[in-house]
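> this one's structure only:
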C-alpha cells in the first residue's frame, strides 16, 4: 500500500486542486500522471443538482459511445426460439431461458450485462435479489428489455454503457482506456456530456452541473471546466 500511496501522492502534486481544467488539457495531464502498470480505464464523473427521489430527476439510461469503452462485455440474453437465435448470431455470450434462470439463482454471475425479451421478464423477475444489487437487472429504460435482442447485443458489444444517478446526484461512467488517443477520450466524454445536458429535467432549479472530473482507475481526479466540454 505504501508504494501505491507514494505514486498517488506524486500524481496529486502535479494537479492544481484549485483549477478547473480545459478538457484537452485535463486529458493530457491525466495520461501524464496515470501510474497503473496496466491499461487503466478512464472514468468520467459528473455531479448534478438532482434529487433522485423525484421520479423525473432519477436519470437513468444508456448510450453507445463513439469509440466504445475498450472493454468487451459478456452479454447474457434471456430469450427463446427465433429471438434466442438472433441473440446468438449477434454475438451474445450466453443465451437461454429456464436453465439460465436456475443457474443465476444458484449464484452464477459470470457476465457483465443482461438482456431479456419482454415475454421472459416474468421468469427473470425472480432474479431481482441476485441481479438488482449488482445493477444487472434488465430494464426498458436502458434498452435491455426489448424484442430487438439483435440490436441490443450489437450495441452493447460496440461500447454501449448504462448510467444512473446515485442518491447524491453523481453519475459515473467509463469513457475509455488510457491507451486511447486523447481525441477519442474527448469525443466519448463530449457525447456523454451532451446527452446529460439534453436530458436536464425541467424541474431542476438553479445550476444543473455542479462538478465534473476525470480520473483513471487509481489516479486522483482532475476537475474540468464544464464549458470546455461542449
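Great, that's in hand. In this text the structure is predicted, and so the values were computed from the model without any measurement. Numbering: from 1, shown residues only.
> What are the boundaries of the helices in this protein?
Listed from the start of the chain, the chain has helices (DSSP state H) covering 2-13, 23-33, 81-90, 98-105, 121-124, 128-131, 149-158, 182-198.
> quick one: which of the ones you listed is nearest residue 167?
For the helices of the chain, proximity to residue 167 was assessed by CB to CB; helix 182-198 is nearest, at 17.3 Å. Bear in mind the C-beta positions are built from the backbone N, C-alpha and C, glycine included.
> Just say which of the helices of the chain is most tucked in.
Burial among those, expressed as mean neighbours by mean count of other CB atoms under 10 Å, is greatest for helix 149-158, which shows a mean of 21.
> list the helices and strands it packs on?
Judged by 3 or more CB pairs under 8 Å, 6 or more residues apart in numbering; DSSP states H and E, the packing partners of helix 149-158 are strand 60-64, strand 75-78, helix 81-90, strand 113-116.
> Now do it: everything it contacts.
Counting contacts by CB atoms under 8 Å, 6 or more residues apart in numbering, the residues outside helix 149-158 that touch it are 62, 64, 68, 72-73, 75, 77, 79, 83, 86-87, 89-92, 113, 115, 117, 143-144, 146.
> Report the mean per-residue pLDDT for that helix.
What helix 149-158 shows for mean pLDDT is 93.
> before we move on, what about stretch 166-184?
Computed over stretch 166-184, the mean pLDDT rounds to 95.
> gap between the closest residue to residue 190 other than its chain neighbours and residue 132?
Spatial nearest neighbour of residue 190, chain neighbours left out: residue 229 (5.9 Å); criterion: CB to CB, 6 or more residues apart in numbering. With the distance defined as CB to CB, to the nearest Å, residue 229 ends up 32 Å from residue 132.
> got it, and residue 38?
As judged by CB to CB, residue 38 and residue 132 stand 30 Å apart.
> same deal with residue 139?
10 Å.
> Among the two, which residue is more densely surrounded?
For residue 139 versus residue 132, neighbours defined as other CB atoms under 10 Å are more numerous around residue 139 (17 against 10).
> Where does pLDDT dip in this protein?
1-4 (pLDDT under 70).
> at 50 instead, please
Scanning the chain for pLDDT under 50 picks out 1-2.
> Which one, of the helices of the chain, ends up nearest to residue 210?
Counting by CB to CB, residue 210 lies closest to helix 182-198 out of the helices of the chain; the figure is 12.1 Å.
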